[in-house]
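Enquirer: sequence below, structure please.
(2 chains)
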There are 2 protein chains.
Amino acid sequence: MSKKNVIVGQSGGPTSVINSSLYGVVTEAMKHPDEVGCVYGMVNGIKGFLDGKKVVLSDMSEDELKIMQSTPSSYLGSCRFKLPEDLSDPVFPQLMKELENLNVGYFFYIGGNDSMDTVSKMSRYAASINSPIRFIGVPKTIDNDLICTDHCPGYGSAAKYVAASCREISLDAGVYGSKFVSIVEIMGRHAGWLTAASVLARKFEGDNPVLIYLPETVFSVDSFLADVEEAFKKTNNVMVAVSEGVHDAEGKFICEYATSDIAVDNFGHKSLAGTASYLADLVKQKFGCKVRPIEFSLLQRCAAHLSSLTDVTEAAAAGSEGVKAALEGETGIMIGFKRAEGEEYHIDYVRVDVNEVCNQEKPFPAEWITNGGRDVGEGYIKYALPLIQGASPVQYENGLPVYAYLHD
Amino acid sequence: MSKKNVIVGQSGGPTSVINSSLYGVVTEAMKHPDEVGCVYGMVNGIKGFLDGKKVVLSDMSEDELKIMQSTPSSYLGSCRFKLPEDLSDPVFPQLMKELENLNVGYFFYIGGNDSMDTVSKMSRYAASINSPIRFIGVPKTIDNDLICTDHCPGYGSAAKYVAASCREISLDAGVYGSKFVSIVEIMGRHAGWLTAASVLARKFEGDNPVLIYLPETVFSVDSFLADVEEAFKKTNNVMVAVSEGVHDAEGKFICEYATSDIAVDNFGHKSLAGTASYLADLVKQKFGCKVRPIEFSLLQRCAAHLSSLTDVTEAAAAGSEGVKAALEGETGIMIGFKRAEGEEYHIDYVRVDVNEVCNQEKPFPAEWITNGGRDVGEGYIKYALPLIQGASPVQYENGLPVYAYLHD
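Expert: Coordinates of the predicted model:
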């Protein structure tokens, strides 16, 4: 087989470990000099690639790669770009031509469900024209909502951030001993995985967050206020963890109660924010106590200084396994995580049909939602704890994390 | 001299290292068994003490003390309680009687300017009745606005959090390459010290935050929008760091433009929030680009997982030096930090008259505010860098920080 080049891109919302997957792709590819020539990076995903934006990654030193690995956000930049459904659209031959011009044999795309949609379309188009280029998806999302995988790289680190921060905020919120409600708003438009991670902050029975609301159940403002009232019977320090995506029985997001001015992105996703603020106002009106709405905002997906070593390691392995799969002839697949049975935590990397994964969402299991939709149960805790283990490999210089910049 | 007991309390807003000062007081006191009997902790400061709330700290094990040391927030709880100006108020003899009942000889209060006001009044009252009880202040504030000290314990860790988080957010905000304004709101009602720390996030010329606004200068909304427009000429990724306390020429807080519903605490301080949101709306209206208002909220003062070891160490030393001073006969003083001249960073602990410190605020030096009130200069960077050095001593268990709870 003649030597072919590798191209790799990142797409969708960034995470703390998406660059660890990039590290995995680049370092694994460079281990196969007989089959792989150069490793290109698309800048700003396929959108940037269509505009001719690319860089060479295979000339990075091991030190540079190591720093890049622990840098949060997408080192190569990202995009939210949906390829047309119609495979006869001229964008497909255009992309193929660009790839052929670069003598690319292996295409890796690191991202969530929308990115897997890109891998699906490109691989199907390639098959339709008998192109030998292989297209592989490497999973990434803090939302943890991809199907066909036990969990997603990016989730463990975001979960660790959420849990540690909730624990710290709860300590702070309790200092005066007076009635205080902290309402923490956590990402997850339709899936409650990340909000559920707040339960890991609990150190003892009755510890915060005492109320946890996921978007998998219907949220009622009246019930919420009654829940807070009930919680006050046990503690003055009431922390509420709420998903940004909580909604009423009609499917209306609670943050839409406060404003009708909700932005929508290229994939039709509403930009949700303001749920905690809205609920905080209601709590203040009803109970007259101190209330703090806290949005973790971008921090929950970019605080690499608190990433989970397990997550970093698995993210790199996902990239590396993707390269191995491509070299073995696979295309149109995504690397999935299969958890071994038994008490000891172990992940096997598997190859799943990307067409099954894309545009699907894995909801938080109903059986892990407890106390009538106000809490998260033991099953989840057992599932999640292995994912947050191990200290971030981030290096420090002059007191601050050292990160890599594409145009250093 | 007969053996006397120690009592220690914490007051005002918590920090990541206020418990390290508590650790310093307790461990130093326990090193002097000939002079010190038991170490009591006031629960919820003098307010809780007046209600009879106290605990014994001298029976904690070294392991328990170590975990308590790296726990954020006030282990003993806090209060915002202002003693009356009139020293003939009955609360003074009441407090003295409680202290005498416990055979207290040494009283330590860890806090900011309002807490130093308590130390000042108690020591003056004690002098007026010839009481031998000694009253010592141990500084603490993320605001860094105490006078007579180079800096305050709590500041370095908060500064480190602000700088690291700004760096991480900037990486995240830049992924799409499109126009994006992140507006980061940082604590500091009247003093810009903590907002200034955002400048430490900058890795290269032109790096974020590109605009920094402190409350020491007048803020104009029109100028701000012009500044953003100017910033867009150089980068699409514009991060703005803004103090919660920015105000117009008439002294009106910018967050008051958005709402008149501002809560006021016992010391008459307005509860400021919403500046970033208000400015974000203006930016969105004018530029039509993506905007993210981000409030660091409580996290900037309680994220002990990112505390500065220098800060933790100095906070403990401040507590320890306070005990030494008391045992040497001092009263009515606060432990201050004096930075040695020369290139190498070194702190000498000094004893300053608490009456000079209380109810004063040290503004951010005008000469360090640059670019017409939009930036912070090299002088500050040189001042601040030593304060954020060294990794947090927080221990981890099951992937999360281990913290101490008073009623474990």
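Enquirer: lowest-pLDDT helix or strand in chain A?
Expert: helix A:255-258 (a mean of 88; mean pLDDT, DSSP states H and E).
Enquirer: does any part of it sit near chain B?
Expert: No: contact of helix A:255-258 with chain B (Cβ under 8 Å from any Cβ of the partner chain) is absent, the minimum separation being 11.7 Å. No exception for glycine: its C-beta is placed from N, CA and C like everyone else's.
Enquirer: put the alpha carbons of the helix or strand just after that helix into PDB.
Expert: Toward the C-terminus, helix A:255-258 is succeeded by helix A:275-287 as the next helix or strand (DSSP states H and E). C-alpha atoms of helix A:275-287 as PDB (Å, rounded to 0.1, in the frame of the first residue of the first chain):
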ATOM      1  CA  THR A 275     -32.700  29.500  34.100                       C
ATOM      2  CA  ALA A 276     -30.900  29.900  37.400                       C
ATOM      3  CA  SER A 277     -31.500  33.700  37.400                       C
ATOM      4  CA  TYR A 278     -35.200  33.200  36.600                       C
ATOM      5  CA  LEU A 279     -35.600  30.700  39.400                       C
ATOM      6  CA  ALA A 280     -33.600  32.800  41.800                       C
ATOM      7  CA  ASP A 281     -36.000  35.700  41.400                       C
ATOM      8  CA  LEU A 282     -38.900  33.400  42.200                       C
ATOM      9  CA  VAL A 283     -37.200  32.100  45.300                       C
ATOM     10  CA  LYS A 284     -36.300  35.600  46.500                       C
ATOM     11  CA  GLN A 285     -39.900  36.700  46.000                       C
ATOM     12  CA  LYS A 286     -41.300  33.800  47.800                       C
ATOM     13  CA  PHE A 287     -38.800  33.300  50.700                       C
END
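Enquirer: on that earlier part again, list of residues touching the least confident helix or strand of chain A?
Expert: A:221, A:244, A:262, A:272-275, A:277-278 (Cβ atoms under 8 Å, 6 or more residues apart in numbering or on different chains).
Enquirer: switch the cut-off to 7 Å
Expert: A:244, A:262, A:272-275, A:277-278 (Cβ atoms under 7 Å, 6 or more residues apart in numbering or on different chains).
Enquirer: residue A:256 and residue B:217, how far apart?
Expert: Residue A:256 is 38 Å from residue B:217, where distance means Cβ to Cβ, to the nearest Å.
Enquirer: now swap in residue A:347 and tell me
Expert: For residue A:347, the distance to residue B:217 - Cβ to Cβ - is 53 Å.
Enquirer: higher neighbour count, the two?
Expert: Taking other Cβ atoms under 10 Å in any protein chain shown, residue A:347 and residue B:217 do not tie; residue A:347 has more neighbours (20 against 17).
Enquirer: wait, doesn't residue A:193 sit right on residue A:141?
Expert: No: between residue A:193 and residue A:141 there is no contact under Cβ atoms under 7 Å: 9.3 Å.
Enquirer: out of the two, which sits in the busier spot?
Expert: The neighbour comparison of residue A:193 against residue A:141 (other Cβ under 10 Å) goes to residue A:193, with 30 against 27.
Enquirer: buried set for stretch A:237-257?
Expert: Across stretch A:237-257, burial judged by 16 or more other Cβ atoms under 10 Å in any protein chain shown covers A:237-247, A:253-257.
Enquirer: hmm, I was thinking of stretch A:125-139
Expert: Buried residues in stretch A:125-139, counted by 16+ other Cβ under 10 Å: A:125-126, A:131, A:133-139.
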